[in-house]
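> only the shape, not the letters, is given here:
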Ligand SMILES: [Zn+2]
């Protein structure tokens, strides 16, 4: 559903910044959207806070030693971002499950540095429950929200929007996810029928990770039902109230 109207207002490349905890979070949450975004000559960046050291040690025939897992996951991440056309990731080099014990101020300062560098129009991070209630996801939510608020207070009118991956009430129930109300609002829904295959490929490329393989299988089983091929986001209450008037919101809603 593209309108020429939205495209005409799009004179500069828009910048997308995903801020996530583990290699593969960015793909599960937003690969389909990033692929479409980049195909229209916009740019996308991803911050990945940890090496995912505590993840599973391979799927199928692949068996990885625990001490090698972070480097395997880093190369899976790099290859996938290249596949999508994203820039190389900003790696914060924490260890898995370390984010919850890091001070929010310090983590937030690291995120803010990247925000200042790339000057995004859209920042996407986990909402308050982190979708899965993983402590790293929740910590990156708080740190990114804080970084966003600080950046916004200094950038005035040019502030980006902050959005969270969201799921319908029905989907949340189906997977027994205990989501915050902010993660059940579908303010921005992206039709990813044209990019679903790349998203599935990206998930399959995370060969180290069982969750990614299961999610790939689920998406692949459902993909002929065109209505299910979506990614949705809610706009954070930290975003200025007039977010509906932001050209980038119009652009996303018509992507
Ligand atoms: Zn994760």
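Nice, I can see it. Treat the numbers as computed from the prediction; the structure is a model and nothing was measured.

> stretch 27-34 and the ion in contact?
No: residues of stretch 27-34 are not located near the ion by C-beta under 5 Å from the ion, the shortest gap being 7.9 Å. Backbone N, C-alpha and C define where each C-beta goes, glycine included.

> so which residue of the chain comes closest to the ion?
Of all residues in the chain, the one sitting closest to the ion is residue 22 (3.6 Å; C-beta to the ion).

> any idea how far that residue lies from residue 141?
13 Å (C-beta to C-beta, to the nearest Å).

> please apply the same query to residue 15.
21 Å.

> more neighbours: these two, which one.
Between residue 15 and residue 141, residue 141 has the larger neighbour count (other C-beta atoms under 10 Å), namely 25 against 19.

> quick check, that one in a helix?
Yes: counting by DSSP: H, G, I helix; E, B strand; the rest coil, residue 141 is found in a helix.

> what's it in contact with, if anything?
Contact partners of residue 141, counting by C-beta atoms under 8 Å, 6 or more residues apart in numbering, are 125-128, 130, 164.

> what's the most distant pair in these?
For these, the maximum inter-member distance is 10.6 Å, found between 125 and 128 (C-beta to C-beta).

> higher neighbour count, the two?
residue 125 (28 against 18).

> can you list phi and psi of that one for me?
phi -140, psi 170 (degrees, to the nearest 10).

> output the below-cut-off pLDDT ranges for the stretch 101-250 of the chain.
Within the stretch 101-250 of the chain, the stretches with pLDDT under 70 are 156-157.

> tell me if I'm right that residue 115 and residue 17 touch.
Yes: here residue 115 reaches residue 17: they are 6.7 Å apart, a contact under C-beta atoms under 8 Å.

> more neighbours, the two?
Per other C-beta under 10 Å, whichever of residue 115 and residue 17 has more neighbours is residue 17, with 27 against 23.

> how close does the more buried one sit to residue 116?
The spacing between residue 17 and residue 116, counted by C-beta to C-beta, is 11 Å.

> which residues of the chain fall in helices?
Taking DSSP state H as the test, the helices found in the chain are 4-8, 25-39, 69-84, 104-118, 135-155, 169-174, 196-205, 210-222, 247-253.

> any residues of this structure in contact with the ion? List them.
Contact residues, the chain versus the ion (C-beta under 5 Å from the ion): 21-22, 25.

> which one of the residues you listed is nearest residue 145?
Residue 145 lies nearest to residue 21 out of the residues of the chain next to the ion, by C-beta to C-beta, at 14.0 Å.
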